[in-house]
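1. fold the following for me, if possible:
(one chain, ligands or ions: 2)
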Amino acid sequence: MFTPVTDKVYMVAPADHGNFPSSVSFYIDDKIPTLIDTPLTAWSEAFKANMGDHPVKRILNTHYHRDHTGCNHLFPEAEVYAHPADIPAMTSQDEFIRYYGFDKYADQTLTNEILSWLKWQPSPVAHQLEDGQIIKLGEVELTVMHTPGHTPGHCVFYWEEQGILFSGDIDLTSFGPWYGNINSDITQLITSIERMISLNPRLICSGHKGVINHNVSGRLQKYLHRLLEKEDRILQALQQPLTLDELVRRKLVYGKWGKAESQYYYFEKLSVMVHLRRLMELNLVEERHGKYRTINNTACQCAQI
Ligand SMILES: [Zn+2]
Ligand SMILES: [Zn+2]
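-> Ligands and ions are numbered 1, 2, ... in the order given. Okay, the predicted model is just below:
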């Protein structure tokens, strides 16, 4: 599908939905024809068909994940922009593995399994994004906002004149924010979402939900609330001391796991670890003899929102 959002912006999406591992890209038809993100390499043929012969001179990647960079190679003439904190994982497979935490927390079988369907390949980056930078494409002028947390270099792009925010993987899915990489950061993610709420955008172009033009601020608040609910569930569970494995098996982040259980276990574990790191920094949880538990009577975080 190649669907108009405005006379300059088009949504490039699979026919069915943008749920991961599918994703939604946006094409800006201006003096510098530009793509915001490209899908997984496995989607190459469908993406080429959707794009037709629209030229692409520039690619703005919201972050390094393969469902946002996997078809960059289809446009060798295009100059790729990305944030320096994510560039290592786009240009080196070792760094990509390190960003996912596979080198420390996954065995070789699981690493190979995930790498084979993410189909990592290098994506050279020509220009670095930085917070506050204005990218002029012609009529469309985008302000770069560095919104870390999902990944260290995640960025969103704001077309202020039209109130349109290209939000990448701060995507407003009902799952809530995702933070299953070892260098994901929940405190940063909360700040990033709050910054987006303060913009009060008219419309969000999301990397997995497409165009959202109704109750945008309310949707962002709800999305943030999903994350805090999960943190509360973890704090509730840790009223009694639990090992990391015991906590992971409660499925408090994913709720339920799919068929590829070892992959779900892994990303549940990493997400829980990212929560625990923050909760220990906040002095709400402590670890003793390999078990985690809350310190004193920790208050519900949700009540603060
Ligand atoms: Zn992502
Ligand atoms: Zn994504």
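
2. what sits against residue 67?
-> 20-23, 39-40, 207 (Cβ atoms under 8 Å, 6 or more residues apart in numbering). No exception for glycine: its C-beta is placed from N, CA and C like everyone else's.

3. can you say which of the residues you listed are buried?
-> Buried members of the contacts of residue 67, counted by 16 or more other Cβ atoms under 10 Å: 22-23, 39-40, 207.

4. pLDDT at the residue of the stretch 201-305 of the chain found nearest ligand 2, what is it?
-> For the stretch 201-305 of the chain and ligand 2, the shortest gap (Cβ to the ion) falls at residue 207, measuring 5.1 Å. On pLDDT, residue 207 comes in at 97.

5. residue contacts, it?
-> Applying Cβ under 8 Å, 6+ apart to residue 207 gives the contacts 18, 23-25, 37, 62, 67-68, 167-169, 171.

6. report the contact partners of residue 242.
-> By Cβ under 8 Å, 6+ apart, the residues touching residue 242 are 291-293.

7. count the neighbours of the residue of the stretch 101-250 of the chain found nearest ligand 1 for me.
-> Residue nearest to ligand 1 within the stretch 101-250 of the chain: residue 169 (3.7 Å; Cβ to the ion). Counted with other Cβ atoms under 10 Å, residues neighbouring residue 169 total 24.

8. I'd assumed residue 154 was in contact with it.
-> Yes. Here residue 169 reaches residue 154: they are 6.7 Å apart, a contact under Cβ atoms under 8 Å.

9. please enumerate the helices of this protein.
-> In the chain, the segments counted as helices under DSSP state H are 44-51, 66-69, 87-91, 93-100, 102-105, 108-118, 186-199, 216-237, 244-248, 261-281.

10. can you list those in JSON lines and add mean pLDDT and distance to ligand 1?
-> Shown next, in JSON lines, are the helices of the chain (pLDDT from 0 to 100; distance: least, Cβ to the ion, whole Å):
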{"stretch": "helix 44-51", "mean pLDDT": "95", "distance to ligand 1": "17"}
{"stretch": "helix 66-69", "mean pLDDT": "98", "distance to ligand 1": "6"}
{"stretch": "helix 87-91", "mean pLDDT": "98", "distance to ligand 1": "11"}
{"stretch": "helix 93-100", "mean pLDDT": "97", "distance to ligand 1": "11"}
{"stretch": "helix 102-105", "mean pLDDT": "96", "distance to ligand 1": "16"}
{"stretch": "helix 108-118", "mean pLDDT": "93", "distance to ligand 1": "11"}
{"stretch": "helix 186-199", "mean pLDDT": "98", "distance to ligand 1": "12"}
{"stretch": "helix 216-237", "mean pLDDT": "97", "distance to ligand 1": "14"}
{"stretch": "helix 244-248", "mean pLDDT": "98", "distance to ligand 1": "21"}
{"stretch": "helix 261-281", "mean pLDDT": "97", "distance to ligand 1": "12"}
